[in-house]
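>>> Show me the folded form of this:
(one chain, ligands or ions: 2)
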Amino acid sequence: MADPIRVLVTGAAGQIAYSLLYSIAKGDVFGKDQPLILLLLDITPMLPVLDGVVMELQDCALPLLREVVPTDKEEVAFKDLDAAILVGSMPRKEGMERKDLLKANVAIFKSQGAALDKYAKKTVKVLVVGNPANTNCLITAKSAPSIPKENFSCLTRLDHNRARSQVAMRCGIPADNVRNVIIWGNHSSTQYPDVHHCKVSVKGEDKPAFDVVKDDTWLKGDFISTVQQRGAAVIKARKLSSAMSAAKAICDHMRDIWTGTAEGEFVSMGVYSSGNSYGVPDDLIYSFPVTIKNKTWKIVEGLEINDFSRAKMEATAAELVEERDTAISFLAV
Ligand code: NAD
Ligand code: LMR
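Residues are numbered from 1 along each chain as shown. Ligands and ions are numbered 1, 2, ... in the order given. Take a look at the predicted model:
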């Protein structure tokens, strides 16, 4: 068996972590042969709760889990990390937009970026989940200048899975039969769920989503707004933000980083824009379609973009520029 890898989950006493940790610890993300040391960070008042989570992980008797380290100290949590899943932060409540969390959460990601820079391996793969995820991810990457920007990504896989599932339910087929949806831009209500390159498999044959769904009005209207507003709809119903589906998406995202995407398939991920793809401005974390090989993502280039899509991609980019500038102004205070 391989040597154990060191994996950090922050916000480890929170509700997403409660759905996430079992899947990681049993090998769903890093592989069934990969032993793990789990570092669990939360704030000091949550340490008693975290102790309960540790007891439960121990009680699962999972063979891959070699050690669990609960802590409220960044220098312990970020030491020699191979992977970091940054969940810990404040979730939004009903009536808020995710960017309303910027002031409260950006300071956390500045501090954790600096801790990554100081203590983690330079090869660490960092996934930012806490909202507003794209801008928090950008701040984390900027605060860790010694780690390549390509090592940072933010979670838009939940939106990707939502889009996939909406199309599948509409067609009455399993979600697996729907591939290559794209989430462009921000994990916010301006995101653009795009099915122009989506393939739907019917009786073993891949067809364009528009041909199978046969309802352009829905695909260009309610489908998009349903995916954009899904997080808010869950909060309204549960009075808590999504956790089970968020944890599943985190597992999908990190597993794809670790083991790569399937041939012919791309997934959505918030990654660093260097200004060279689809006219998206540089210095943003923007969700693109990506393929992954050898733990390295590559933006899928050359997809045809019509005027309808272009306008939506630009609108979500404009929101990200504004969020970035606001975040930087908060950091300067
Ligand atoms: P939660 O309130 O249940 O848990 C958050 C945990 O983070 C708490 O235990 C809290 O004590 C801890 N925390 C706060 N500050 C911390 C710090 N500085 N260091 C370490 N831990 C800290 O919230 P949740 O439902 O688990 O959601 C967590 C975040 O994930 C929220 O910002 C939420 O909006 C976001 N989220 C993102 C997506 C996505 O798709 N990107 C999906 C769902 C939720
Ligand atoms: C989600 O998409 O469910 C999360 O980002 C939580 C939220 O605030 O919507």
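>>> What's the mean pLDDT across the biggest helix by length in the chain?
Determined from DSSP state H, the single longest helix within the chain is helix 307-332. For helix 307-332, mean pLDDT rounds to 95.
>>> do the same with stretch 155-167
Here the average pLDDT along stretch 155-167 is 98.
>>> Just the CA trace of it, in CSV.
Provided in CSV are the C-alpha atoms of stretch 155-167 (Å, rounded to 0.1, in the frame of the first residue of the first chain):
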residue,chain,number,x,y,z
LEU,A,155,-16.7,24.1,-6.6
THR,A,156,-19.1,24.6,-9.5
ARG,A,157,-19.6,20.8,-9.8
LEU,A,158,-22.8,21.1,-7.7
ASP,A,159,-24.3,23.4,-10.4
HIS,A,160,-22.9,21.0,-13.1
ASN,A,161,-24.6,18.0,-11.4
ARG,A,162,-27.8,20.0,-11.0
ALA,A,163,-27.9,20.9,-14.7
ARG,A,164,-27.2,17.3,-15.6
SER,A,165,-29.9,16.0,-13.4
GLN,A,166,-32.5,18.5,-14.7
VAL,A,167,-31.9,17.4,-18.3
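>>> just how off-centre is that stretch within its chain?
How far stretch 155-167 lies from its chain's middle: 11 Å, per CA atoms, centre = their mean, to the nearest Å.
>>> Ile183 belongs to a strand, doesn't it?
Yes: applying DSSP: H, G, I helix; E, B strand; the rest coil, one finds Ile183 inside a strand.
>>> and it, bridged to which residues?
Here Ile183 sits in beta bridges with Pro193, going by DSSP bridges.
>>> In this structure, where is pLDDT below threshold?
Within the chain, the ranges that satisfy pLDDT under 70 run 333.
>>> report the longest strand in it, please.
strand 284-293 (DSSP state E).
>>> For ligand 2, give me its nearest residue in the chain.
Gly231 (2.2 Å; CB to the nearest ligand atom). Yep, even glycine has a C-beta here, placed from its N, CA and C like the rest.
>>> Count the neighbours of that residue for me.
Using other CB atoms under 10 Å, Gly231 has 23 neighbouring residues.
>>> Repeat that for the one 5 residues further on.
Each residue near Lys236 was counted by other CB under 10 Å, and the total is 11.
>>> which stretches of the stretch 101-250 of the chain form strands?
Taking DSSP state E, counting those that start in this stretch as the test, the strands found in the stretch 101-250 of the chain are 125-128, 152-154, 178-179, 182-184, 192-194, 199-202, 205-208.
>>> Kindly reformat these as TSV containing distance to Gly264.
Below are those laid out as TSV (distance: least, CB to CB, whole Å):
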stretch	distance to Gly264
strand 125-128	24
strand 152-154	21
strand 178-179	8
strand 182-184	15
strand 192-194	18
strand 199-202	9
strand 205-208	9
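>>> possible to save those strands as CSV with distance to ligand 1?
Shown next, in CSV, are these (distance: least, CB to the nearest ligand atom, whole Å):
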stretch, distance to ligand 1
strand 125-128, 8
strand 152-154, 7
strand 178-179, 19
strand 182-184, 10
strand 192-194, 13
strand 199-202, 24
strand 205-208, 27
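>>> With mean neighbour count and distance to Asp325 as added columns, please give these in JSON lines.
Shown next, in JSON lines, are these (neighbours: other CB atoms under 10 Å; distance: least, CB to CB, whole Å):
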{"stretch": "strand 125-128", "mean neighbour count": "25", "distance to Asp325": "19"}
{"stretch": "strand 152-154", "mean neighbour count": "28", "distance to Asp325": "18"}
{"stretch": "strand 178-179", "mean neighbour count": "22", "distance to Asp325": "36"}
{"stretch": "strand 182-184", "mean neighbour count": "27", "distance to Asp325": "20"}
{"stretch": "strand 192-194", "mean neighbour count": "26", "distance to Asp325": "21"}
{"stretch": "strand 199-202", "mean neighbour count": "17", "distance to Asp325": "38"}
{"stretch": "strand 205-208", "mean neighbour count": "12", "distance to Asp325": "38"}
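>>> Tell me which of those sits nearest to Pro281.
In terms of CB to CB, the element of the strands of the stretch 101-250 of the chain nearest to Pro281 is strand 182-184, at 13.2 Å.
>>> before we move on, the earlier item: what's downstream of the longest strand of the chain, the next helix or strand?
Sequence-wise, the next helix or strand downstream of strand 284-293 (DSSP states H and E) is strand 296-299.
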